[in-house]
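A predicted structure for the sequence below; I have some questions about it.
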Amino acid sequence: MAEQNPGISTIFSHLPRVKIAHLPTPLDEMPRLSKALGGPRLFIKRDDQTGLAMGGNKTRKLEFLVADALAQRATTLITTGAPQSNHCRQTAAAAAKFGLRAILVLAGEPPEDWTGNLLLDTLLGAEVRWTGPRQWEAVMAEIVEEERDVGRVPYIIPYGGSNPIGVTGYVAAMAEFLEQLEQRSLQVQRIVLASSSGGTQAGLVVGAKAFGFGGRIEGISVDKERSVLREMVLRLAAKTAAYVGLRSTFTPREFTIHDEYVGQGYGIMGEAEREAIRLVAQTEGILLDPVYTGRAMAGLIDLIRQEIYHSDETIVFWHTGGTPGLFAYRDKLL
């Protein structure tokens, strides 16, 4: 049951928000994939279709983060991520849309071939800085001072956009999702998604408690141990609930994390991801990415094959985007 919290329409009315995403994103059934796996009934929530520079889940977060930046009269958005960061690409696009500078702090050294998200970062006009052997926090701190020294107003967006302001985008997403379920008279037992910085899962859990979704929300970790990621998501959920004005408390049991599928680590694609990407492409014509949704779908497929997820369930796979990353993994996919 939903807690005694403000209504959906009032929860976000006091928070700054700009319109960026194409919402609501589709909720599509995947009957051929379901048949190939012997059930359960599978749906996909298409947040790869949010519309900002090839879409992705970060666009929902950026509606609140950019609004906060504009309210603070920021001139420069600064964020960080891996070389093929979907979050950085969407941040660069949001900056372009609102006439802001974007500086992206990317881990490591520049590659020889700038493809995938890196190509899009440059097309969107972002300035790219590489950390080399240094920690990204130190590089970002230097950039903040540089921007201030020349009279600009920097605004830091954290890794993955995962702070209470950004996570609010996925509290709102749960309200959207429940409206779609009601319109179609659907009962869903599980939502399965990729989880890394924790913000998407945290927001969905907060929204589930606020709006009365009774199914499980299960994160497939793409890089972290279960205990570490669960603590991150728990902390984010509690802070986000307080930020939006909900009287909600959370326990670790409310955050299901599967860490059996991290393989060799972040961004290292194995056979499980290759199979998942090909299977979904060839049964449903839907593209997954090598780092996040490919790994999460590989986990979903394995949990079905192990009969941990049962054939009589209805499950939603929440597609968080990342398709441009496919082009950077060409040699590993062919």
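Now that the structure is in, tell me what you want to look at.

quick one: low-confidence residue ranges for this protein.
Confidence mapping of the chain against pLDDT under 70 gives the ranges 1-10.

from residue 163, how far out is residue 117?
Applying Cβ to Cβ, to the nearest Å, the value for residue 117 to residue 163 is 22 Å. For every residue, glycine as well, the C-beta is placed using N, CA and C.

between those two, who's got more neighbours?
residue 117 (30 against 22; other Cβ atoms under 10 Å).

got a list of what the more buried one touches?
Contact partners of residue 117, counting by Cβ atoms under 8 Å, 6 or more residues apart in numbering, are 83, 84, 85, 86, 88, 89, 324, 325, 328.

now for the spatially closest residue to the last one that is not a sequence neighbour: which residues touch it?
In this case it means residue 328. Distances taken as Cβ to Cβ, 6 or more residues apart in numbering put residue 116 closest to residue 328, at 3.4 Å, once the chain neighbours are dropped. Shown here is residue 116, whose contacts under the criterion Cβ under 8 Å, 6+ apart are 84, 324, 325, 326, 327, 328, 329.

quick check, the first one in contact with residue 267.
Think residue 84. Yes - because the distance of 7.1 Å satisfies Cβ atoms under 8 Å, residue 84 is recorded as touching residue 267.

common neighbours of the two, please.
residue 291.

ok, and what's touching stretch 218-235?
Among residues not part of stretch 218-235, those counted as contacts by Cβ under 8 Å, 6+ apart are 190-198, 201-202, 205, 250, 252, 254-259, 261-262, 265-266, 291-292, 295-296, 299-300.

how close does the most centrally placed residue in the chain get to residue 110?
Among the residues of the chain, residue 57 comes closest to the average C-alpha position under Cα atoms, centre = their mean, at 4.2 Å. For residue 57, the distance to residue 110 under the criterion Cβ to Cβ works out to 26 Å.

beta-bridge partners for residue 155, please?
residue 77 (DSSP bridges).

tell me the helices and strands packed up against the helix or strand hosting residue 204.
Take DSSP states H and E as the rule and residue 204 turns out to sit in helix 199-211. If contacts are counted by 3 or more Cβ pairs under 8 Å, 6 or more residues apart in numbering; DSSP states H and E, helix 199-211 sits against helix 164-184, strand 190-195, strand 216-221, helix 226-244.

at 6 Å what do you get?
Other helices and strands packing on helix 199-211, by 3 or more Cβ pairs under 6 Å, 6 or more residues apart in numbering; DSSP states H and E, are helix 164-184, strand 216-221, helix 226-244.

to residue 282, which of the ones you listed lies closest?
Ranking the helices and strands packed on helix 199-211 by their distance to residue 282 (criterion: Cβ to Cβ) puts strand 216-221 first, at 21.1 Å.

mind listing the strands for this structure?
In the chain, the strands defined using DSSP state E lie at 27-29, 41-46, 76-81, 101-106, 127-130, 154-156, 190-195, 216-221, 256-258, 314-319.

mind putting those into a markdown table with mean neighbour count and distance to residue 171?
Compiled in a markdown table, the strands of the chain are given as follows (neighbours: other Cβ atoms under 10 Å; distance: least, Cβ to Cβ, whole Å):
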| stretch | mean neighbour count | distance to residue 171 |
| --- | --- | --- |
| strand 27-29 | 17 | 18 |
| strand 41-46 | 22 | 15 |
| strand 76-81 | 24 | 21 |
| strand 101-106 | 24 | 25 |
| strand 127-130 | 16 | 31 |
| strand 154-156 | 21 | 21 |
| strand 190-195 | 25 | 14 |
| strand 216-221 | 24 | 12 |
| strand 256-258 | 21 | 18 |
| strand 314-319 | 25 | 14 |
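
to residue 67, which of those strands lies closest?
Closest to residue 67 of these, according to Cβ to Cβ: strand 154-156, at 11.0 Å.

contacts for that closest one next, please.
For strand 154-156, the surrounding residues in contact (Cβ atoms under 6 Å, 6 or more residues apart in numbering) are 69, 74, 76, 77, 78, 144, 147.

what do you get if the cut-off is 8 Å, keeping everything else the same?
Looking at what lies outside strand 154-156 - Cβ under 8 Å, 6+ apart - the contacts are 68-69, 72, 74-79, 140, 143-144, 147-148.

and which of the residues you listed is nearest to residue 159?
residue 79 (7.5 Å).

residue contacts, that closest one?
When the contact criterion is Cβ under 8 Å, 6+ apart, the partners of residue 79 are 87, 88, 91, 102, 103, 104, 105, 156, 157, 158, 159, 161.

over to residue 18?
Residues in contact with residue 18, defined by Cβ under 8 Å, 6+ apart, are 63, 66, 67, 70, 98.

make a markdown table from those and add neighbour count to it.
Rendered in a markdown table, the data for these read as follows (neighbours: other Cβ atoms under 10 Å):
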| residue | neighbour count |
| --- | --- |
| 63 | 24 |
| 66 | 27 |
| 67 | 18 |
| 70 | 15 |
| 98 | 16 |
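
in helices, which of those residues fall?
When the contacts of residue 18 are checked against helices (DSSP state H), the matches are 63, 66, 67, 70.

quick check: the gap between the first one and residue 155.
In this structure, residue 63 lies at 15 Å from residue 155, with Cβ to Cβ as the measure.

same check on residue 133?
For residue 133, the distance to residue 155 equals 27 Å [Cβ to Cβ].

alright, that wraps it up for me.
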